[in-house]
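Undergrad: mind looking at a prediction? Sequence and model below.
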Amino acid sequence: MTVLSVAATILPDSIGPYLALMGVGFFVAAWGHGMKSKWVIAIGLIMVFLATLLFPIALQILEEEPPPPGPKVPIALAFPGV
């Protein structure tokens, strides 16, 4: 079992859980700011960071069809003066 297959089984495939994690993270960070607790602020920011990091990874892993490749234009045609 590869790392990608394990990650694909763990990560949710819809955007809802990532938005919820990000929203709760912002709320926790703001609450920690009101409490003047650096630890609570850090936990909230880590939650936001994880939501921001995990969502693109999940999109890449869970997408069944890879994105189409870019145009294959030779350098000489793309940049005539080079």
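TA: Noted; the coordinates are in hand. Numbers count the residues shown, from 1 in each chain.
Undergrad: quick one, longest helix in this structure?
TA: The longest helix of the chain (DSSP state H) is helix 38-62.
Undergrad: who touches that one?
TA: 4, 7-8, 11-13, 15, 18-19, 21-22, 24-33 (Cβ atoms under 8 Å, 6 or more residues apart in numbering). In short, each C-beta sits where N, CA and C put it, glycine included.
Undergrad: got any ranges where this protein has weak pLDDT?
TA: 1, 4, 7-8, 11, 66-70, 72-82 (pLDDT under 70).
Undergrad: for residue 17, helix, strand, or coil?
TA: In three-state terms, and counting by DSSP: H, G, I helix; E, B strand; the rest coil, residue 17 is helix.
Undergrad: burial of it, as a residue count?
TA: Residue 17: 15 surrounding residues under other Cβ atoms under 10 Å.
Undergrad: leaving out chain neighbours, which residue sits closest to residue 15?
TA: Nearest residue to residue 15, sequence neighbours excluded (Cβ to Cβ, 6 or more residues apart in numbering): residue 55, at 7.1 Å.
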